[in-house]
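>>> got a predicted model here, sequence first, then my questions.
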Amino acid sequence: MKVLVADDEETTVTYLSAGLRARGFEVETAVDAMQVVMKAVRTVPDAIVLDIKMPGGTGIVALRRIRASAKTEHVPVVAITATATPEVRAEALELGAVDCLEKPVDVDRLTQLLREVIGAET
């Protein structure tokens, strides 16, 4: 199960990557919106964990681009944000995110959600 984790905060990327790897996921990372879109289109992960507030176009722009590409339009995206206002959450869900989790992200909850959307047993 290949997951692309995108966040501009190194501590968040390290925390989520280590937690997901320990739970059996193959993890690739990105640090800005442009990079996540390029990596998603190139590698087509099973799921994407996407920070909403990132440099390089924001996570919302990245989510729009991911949904616009025929290669990635079907890839489940879990949005994460430090500012989970109802408006931010609604926009992410409206653009096709499967959920919007507030930071700090509970890795067990994220793992459960990823396994549900990827359709993986374990």
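Yep, it's here. Numbering: from 1, shown residues only.
>>> which stretches in the chain count as strands?
Ranges of strands in the chain, per DSSP state E, are 2-6, 26-30, 47-51, 77-81, 99-102.
>>> what does the fourth one contact?
Contacts to strand 77-81, defined as Cβ atoms under 8 Å, 6 or more residues apart in numbering, come from residues 7, 12, 47-53, 59, 63, 66, 88-89, 92-93, 96-103, 105, 110, 113-114, 117. The C-beta positions use only the backbone N, C-alpha and C, and glycine is treated the same way.
>>> mind giving me the ChimeraX command for buried ones among those?
Here is the ChimeraX command that selects the buried residues among these (16 or more other Cβ atoms under 10 Å):
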select :7,12,47,48,49,50,51,52,53,59,63,66,88,89,92,96,97,98,99,100,101,103,105,110,113,114,117
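>>> worst mean pLDDT across the helices and strands of the chain, which element?
One helix or strand of the chain scores below all others by mean pLDDT, DSSP states H and E: helix 86-94, with a mean of 90.
>>> tell me what that helix is packed against?
Contact partners of helix 86-94 among helices and strands, from 3 or more Cβ pairs under 8 Å, 6 or more residues apart in numbering; DSSP states H and E: helix 58-68, strand 77-81, strand 99-102.
>>> just the CA trace of the first one, in PDB.
This file holds the C-alpha atoms of helix 58-68, laid out as PDB (Å, rounded to 0.1, in the frame of the first residue of the first chain):
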ATOM      1  CA  THR A  58      -1.700  25.400  -1.200                       C
ATOM      2  CA  GLY A  59      -3.200  21.900  -0.600                       C
ATOM      3  CA  ILE A  60      -6.600  23.000  -2.100                       C
ATOM      4  CA  VAL A  61      -4.900  23.900  -5.400                       C
ATOM      5  CA  ALA A  62      -3.100  20.500  -5.300                       C
ATOM      6  CA  LEU A  63      -6.300  18.700  -4.600                       C
ATOM      7  CA  ARG A  64      -8.000  20.400  -7.600                       C
ATOM      8  CA  ARG A  65      -5.100  19.400  -9.800                       C
ATOM      9  CA  ILE A  66      -5.100  15.800  -8.500                       C
ATOM     10  CA  ARG A  67      -8.800  15.500  -9.200                       C
ATOM     11  CA  ALA A  68      -8.300  17.100 -12.700                       C
END
